[in-house]
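Colleague: here is a sequence with its predicted model. Questions after.
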Amino acid sequence: MKELALKKFTKVKKILFGFFLLYNSIFGQPNNQRPTFIPKLPFKSEIISIPRIDGDFTVYFIYKMPYQSLVFERVDEKFNANFRVIVEISDENSELVTRDIKDSKISVKDFESTNDRILFLQEYLTFTLKPGEYKIAAIISDLNSTGEISIKPEKTILGENMDKKVLHPFLIRAQEINCSNKKAFLLANSGGNIPFSSDNYHLIIPVIDTLVSELTISITNNDETVFSEEVAESYIIPIGITMCDDNLAATTDTSNIVFRNFVLRNVNEKLREGKVVLEILNEEKDIDEEYESQVIWINKPFSLMDPEKAIELLSYTESDSVVSLLLDEDESDYPEILNDYWKKFDPTPETSFNEIMFEYYSRVDYALKEFRAISNSNGAKTDRGMIYIKFGNPEKIERISNPEGLIIESWTYLNPERKFSFVDKKGTGNFTLIEE
C-alpha cells in the first residue's frame with residue numbers, strides 16, 4: 001500500500017510541477033495595481049556581474065530550486081530527482097552569444113525530504129562576457145517529468161557608467177567558513193530576496209572606486225525607515241562566487257578587479273516581511289543607487305499564514321476569553337495584534353524575528369500533520385497534539401501493549417520532569433490522555 005501511495009504521489013507531483021511552471025509564466029511579473037503577493041514559485045534565479053582585470057565581465061547566473069518542487073523517483077532505497085538548467089545569452093541584436101547547460105542530480109534517503117520546504121538545490125553557471133548589452137534567458141526543466149518553462153529574458157548592460165556604479169550587493173551569512181583554504185562566507189541571496197530568519201546576515205556593497213571612504217545608506221521596510229547612517233567599514237579585495245560543500249559562497253577571486261566592499265552588519269535584524277528599498281549615496285563621488293527587494297520568510301509555518309487563523313490557534317495555550325478579545329479587534333490589524341501578543345515572549349526583542357512565535361506555530365504544523373487519526377482529521381486537537389504544542393518533542397517515547405491488548409504510548413520530558421501516557425482505545429490511531 002505504501003509503495004502504491006508513493007507512486008500515486010509522484011504522478012500527482014509531476015502534474016503539480018507542470019502547473020507551477022505555467023503559473024510562473026503567467027504570474028511571474030508583479031501587478032502594481034494589486035497588493036504585493038509573493039507566490040511560492042519553483043525556481044529562483046539572480047544575475048550578478050563583476051568586472052574582470054582583463055576588461056571583460058564575469059557573469060554569474062545563480063539559482064535555487066526547492067526539493068518540494070521537484071519530482072523524485074524511488075530507486076532501490078533512495079529517492080532521486082534530476083534537474084536541468086539551460087542559460088542562453090544573446091546580444092542587443094538577439095544574436096546568440098553563448099549558452100551553457102547544467103544537469104544536477106539530487107538523492108535523498110527518505111520520502112519526507114522530498115517535500116521539505118527548507119531543502120533546496122543551489123548552484124550557478126558562470127560566463128565571461130565583453131562590455132555591452134545582453135539578454136540572459138533560462139530554460140528550466142525537471143528531467144523526471146515533462147515540466148519545462150522558459151524564463152523571461154533579463155536585460156543587462158555591462159560597462160555602463162562604471163566610474164560611479166555600485167555593484168550588485170551580496171547578502172552573506174555572518175559566520176565565516178573555510179573554502180579551499182580561503183576565507184569565505186555563504187551567499188544568502190535568494191533570488192534577490194532577503195530571508196526572514198533568526199540567523200544573522202551581513203550586506204556587502206562593492207564599490208568600484210576604491211577611493212570612496214564612506215557611504216550614506218538608508219533602508220526602508222514597508223515604507224518605514226529602519227536604518228539611515230554613514231557606513232565606513234570596508235575591505236579592499238577582489239570578490240567572486242564559488243561552490244563550497246554544495247553551497248554558494250562569496251570569496252576572493254583574483255580574476256576580478258579589486259573593489260572597496262562596504263559592510264553593513266546584521267542587516268536583517270530590524271527587517272520584517274515585505275518590501276525593502278536600499279538607497280546608497282555618496283555626493284562626493286556621484287553615487288546614487290537604489291535597490292528594491294523583498295524580505296521572505298522561507299520556512300514560515302503554514303499555521304501562521306492566515307493571521308486570523310493564527311490568533312484562533314492560540315486557544316491551545318490561551319483562554320477563550322483572551323482569544324475572543326484579540327479577534328474582536330479590526331481584521332486589518334490582526335497581523336500587528338499577533339506580533340504584539342508574542343512580543344512579551346520574545347527571547348530576542350532587539351530583532352524582528354521572534355523565535356518563540358516560530359517554535360509555537362511550527363509545533364502546530366507538526367501536530368496537525370503527525371497526530372491525525374481516522375476519527376480525527378485535525379491532529380492539533382488530539383490529546384497528543386495539544387501536549388506536543390504545549391511542551392514540544394519529548395525526550396523519550398515508549399509504546400507498550402496492556403493486558404487488554406490496547407496500545408499505550410508514554411512521553412517523558414526531562415526538564416522539567418513530566419510524563420504523559422496515551423491510549424488508543426479503538427485502534428484508530430486516536431490516542432487519548434490517561435488521567436494520572
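Modeller: In hand now; what should we look at?
Colleague: below-threshold pLDDT in the stretch 1-150 of the chain: ranges please.
Modeller: Residues of the stretch 1-150 of the chain that meet the criterion pLDDT under 70 lie in 1-42.
Colleague: strands of that one, start to end?
Modeller: 44-51, 57-66, 73-75, 78-91, 96-108, 120-129, 132-142, 148-158 (DSSP state E, counting those that start in this stretch).
Colleague: where along the stretch 301-436 of the chain do the helices fall?
Modeller: Using DSSP state H, counting those that start in this stretch, the helices of the stretch 301-436 of the chain run over 307-312, 320-327, 334-343, 355-370, 383-391.
Colleague: can you give me the strands for the stretch 201-350 of the chain?
Modeller: 201-207, 215-221, 224-231, 234-244, 247-252, 258-264, 274-282, 287-296.
Colleague: residue 180 is nearest to which of those strands?
Modeller: strand 234-244 (7.5 Å; CB to CB). Quick note: C-beta positions are derived from backbone N, CA and C, even for glycine.
Colleague: just give the nearest non-adjacent residue to residue 154, would you?
Modeller: Distances taken as CB to CB, 6 or more residues apart in numbering place residue 136 nearest to residue 154, at 5.2 Å, with adjacent residues excluded.
Colleague: who's that neighbour bridged to?
Modeller: Residue 136 has these beta-bridge partners by DSSP bridges: residue 89, residue 154.
Colleague: how many other residues sit next to it?
Modeller: 22 (other CB atoms under 10 Å).
Colleague: the one 5 residues further on now?
Modeller: A count of nearby residues for residue 141, using other CB under 10 Å, gives 19.
Colleague: make sure it is actually in contact with residue 151.
Modeller: No: using CB atoms under 8 Å, residue 141 and residue 151 do not qualify as a contacting pair, with a distance of 11.3 Å.
Colleague: nearest to residue 76, of the helices of the stretch 301-436 of the chain?
Modeller: Residue 76 lies closest to helix 355-370 among the helices of the stretch 301-436 of the chain, at 26.8 Å (CB to CB).
Colleague: contact partners for residue 108?
Modeller: Counting by CB atoms under 8 Å, 6 or more residues apart in numbering, residue 108 touches 67, 72, 78, 79, 114, 119.
Colleague: in a markdown table: these, plus neighbour count and distance to residue 339.
Modeller: Listed next are those as a markdown table, based on neighbours: other CB atoms under 10 Å; distance: CB to CB, whole Å:
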| residue | neighbour count | distance to residue 339 |
| --- | --- | --- |
| 67 | 19 | 30 |
| 72 | 24 | 37 |
| 78 | 13 | 42 |
| 79 | 23 | 38 |
| 114 | 23 | 33 |
| 119 | 14 | 28 |
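Colleague: what's the farthest-apart pair in the residues you listed?
Modeller: 78 and 119 (14.6 Å).
Colleague: with adjacent residues omitted, what lies nearest to residue 312?
Modeller: Residue 312's closest residue in space is residue 323 (CB to CB, 6+ apart), at 6.5 Å.
Colleague: per-residue pLDDT, the one you found?
Modeller: The model reports residue 323 with a pLDDT of 95.
Colleague: got the domain boundaries for the protein?
Modeller: 1-160, 164-297, 302-433 (automatic domain parsing).
Colleague: distance from the first one to the middle of the chain?
Modeller: When C-alpha coordinates are averaged (CA atoms, centre = their mean, to the nearest Å), domain 1-160 and its chain have centres 15 Å apart.
Colleague: again, but for the shortest one
Modeller: Distance, stretch centre to chain centre, for domain 302-433: 24 Å (CA atoms, centre = their mean).
Colleague: can you measure across that domain, start residue to end residue?
Modeller: This stretch, domain 302-433, spans 26 Å end to end (CA to CA, to the nearest Å).
Colleague: residues contacting the nearest residue to residue 269 once chain neighbours are set aside?
Modeller: Nearest residue to residue 269, sequence neighbours excluded (CB to CB, 6+ apart): residue 351, at 4.6 Å. Taking CB under 8 Å, 6+ apart as the contact definition, residue 351 lies against 198, 269, 270.
Colleague: and residue 351, backbone torsions?
Modeller: Reported as degrees, to the nearest 10, the phi and psi values for residue 351 are phi -120, psi 170.
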